[in-house]
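Visitor: sequence unknown, structure follows:
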């Protein structure tokens, strides 16, 4: 038994003793005393790892300590022109370049199986993109008045399918040529394009768009945290949201759910994905999606939430379901201040945001007003806030539609303070408030208003 324990500890010591740092070294020819930076790719945001100064001969060295992360690294003097380096399981990486090559984002990596694999994969991807771009150009040029329109369209679609199959077959060669590399294990599954012609269940989809919506991440191993140390995973997320998700609030929510099904398999992948989605919806909207992602998927995440997202989340928390509807004190058509709280006190209330310049508002407001008249005797009240800037246009719209509920406006358009108070993103917007003044529901379409009113009014 003693011998067994001794053998175990000797083996363990041997593993620790043989663990090695990784040295990235090389020479930038005839470029002494310049500052070089090394960064690890995190999505599209390279994170600085280290910096150094070249010596009199232009030589340099970086040391990545034991436990370093595998991934796509960037070597650069100017961040916008960074040269990629693949860091996998190799014990050293040797780089050679001129200053001009480095400034164009190119370096030669000497005798590196990892970087050779990446070069081959990148070349396959360039050829594929070139084919797809050419096919798309021909498709865009195809006239519906062409006598052979349907025939040519079918040929182009067939060409598109064949390009995908050729590309996938090429990508699948990389693991056999460069087994065990980061490119083979991580990048290849990210590069593969799901195509319904490769799957029996693909027959269930009439369009490629519908198939991609359901199976875009078919090959991605979201259990492997190394996928976030590339720009490719983030690009797939962007492409999916841009091309294969219905661009409505409901459509984006479904897309988010599809993404997160896989992303929750690994905590690092989950955290990265949630942070990315929060940032995207903060910048591009709708803000309701920021709230949806945060409320449904951020629990337990260690997120470096950006200040812009944090500010939006704080605004959204102010008008979350179950919170008191923020007070508004805005002038009516007679320039008299009217309190939202006093108007809705003890009533099931609607806070209705609209504008006479909004075509959808002019279409839906009369419908909402009819519901107001129908349910007023049962305890419904409306506080209607216009985001107009022109008093005359606002008053005319009220008179034309003959709406006789509480009408108020700051007359500041989209510079109105109530926009920040209620985190508004569009008009019309409806908030439903209970008798205690708390928000019951919000941001639902006017077509769903009566269904919601029936839940709370006899």
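Guide: Looks like it came in fine. Owing to the predicted nature of the structure, the values given are computational and were not obtained by experimental measurement. Numbering: from 1, shown residues only.

Visitor: now do the contacts for the spatially most central residue of the chain.
Guide: In the chain, the centroid-proximal residue (Cα atoms, centre = their mean) is residue 277; its distance is 3.7 Å. Contacts of residue 277 were listed using Cβ atoms under 8 Å, 6 or more residues apart in numbering, and they are 237, 256, 259, 289, 293, 297. All C-beta spots, glycine's among them, are computed from the backbone N, C-alpha and C.

Visitor: how about a cut-off of 6 Å?
Guide: Residue 277 is in contact with residue 293, counting by Cβ atoms under 6 Å, 6 or more residues apart in numbering.

Visitor: element containing it, please.
Guide: Secondary structure assigned from DSSP states H and E places residue 277 in helix 267-284.

Visitor: may I see the buried residues of that helix?
Guide: 269-282 (16 or more other Cβ atoms under 10 Å).

Visitor: so, low pLDDT: which residues of the stretch 201-350 of the chain?
Guide: Low-confidence segments of the stretch 201-350 of the chain, defined by pLDDT under 70: 301, 303-306.

Visitor: got the domain ranges for this protein?
Guide: 19-111, 113-193, 200-318, 329-456 (automatic domain parsing).

Visitor: which residues in the stretch 1-150 of the chain form strands?
Guide: For the stretch 1-150 of the chain, the strands defined by DSSP state E, counting those that start in this stretch cover 22-29, 35-42, 45-53, 59-64, 71-76, 83-87, 92-98, 108-110.

Visitor: residue 264: which of the ones you listed is closest?
Guide: Minimum separation from residue 264 across the strands of the stretch 1-150 of the chain (Cβ to Cβ) falls at strand 35-42, 19.0 Å.

Visitor: which strands or helices does the top helix by length along the chain pack on?
Guide: Taking DSSP state H as the criterion, the chain has its longest helix at helix 113-141. Under the contact definition 3 or more Cβ pairs under 6 Å, 6 or more residues apart in numbering; DSSP states H and E, helix 113-141 sits against strand 83-87, helix 149-171.

Visitor: just name the most buried of these.
Guide: strand 83-87 (a mean of 23; mean count of other Cβ atoms under 10 Å).

Visitor: what sits up against it?
Guide: In contact with strand 83-87 (Cβ under 6 Å, 6+ apart) are residues 70, 72, 73, 75, 105, 106, 107, 114, 115, 118, 182.

Visitor: just the buried positions in stretch 440-450, please.
Guide: By 16+ other Cβ under 10 Å, the buried positions in stretch 440-450 come out as 440, 441, 442, 443, 446, 449.

Visitor: okay, the first one: pLDDT?
Guide: According to the predicted model, the pLDDT of residue 440 comes to 94.

Visitor: do the last one as well
Guide: According to the per-residue confidence, residue 449 scores 92 in pLDDT.

Visitor: show me the shaky parts of the stretch 351-458 of the chain.
Guide: Ranges of the stretch 351-458 of the chain meeting pLDDT under 70: none found.

Visitor: all strands of it, in order?
Guide: According to DSSP E, counting those that start in this stretch, the strands that the stretch 351-458 of the chain contains are 380-386, 406-409, 429-433, 439-442.

Visitor: out of those, nearest to residue 364?
Guide: Here strand 429-433 is closest among the strands of the stretch 351-458 of the chain (Cβ to Cβ), at 9.3 Å.

Visitor: still on that earlier bit, distance to residue 432 added to the helices and strands packed on helix 113-141, as a markdown table?
Guide: What follows is the helices and strands packed on helix 113-141, written out as a markdown table (distance: least, Cβ to Cβ, whole Å):
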| stretch | distance to residue 432 |
| --- | --- |
| strand 83-87 | 52 |
| helix 149-171 | 47 |
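
Visitor: can I get the ones you listed in JSON lines with mean pLDDT and distance to residue 411?
Guide: Converted to JSON lines, the helices and strands packed on helix 113-141 look like this (pLDDT from 0 to 100; distance: least, Cβ to Cβ, whole Å):
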{"stretch": "strand 83-87", "mean pLDDT": "94", "distance to residue 411": "55"}
{"stretch": "helix 149-171", "mean pLDDT": "93", "distance to residue 411": "53"}
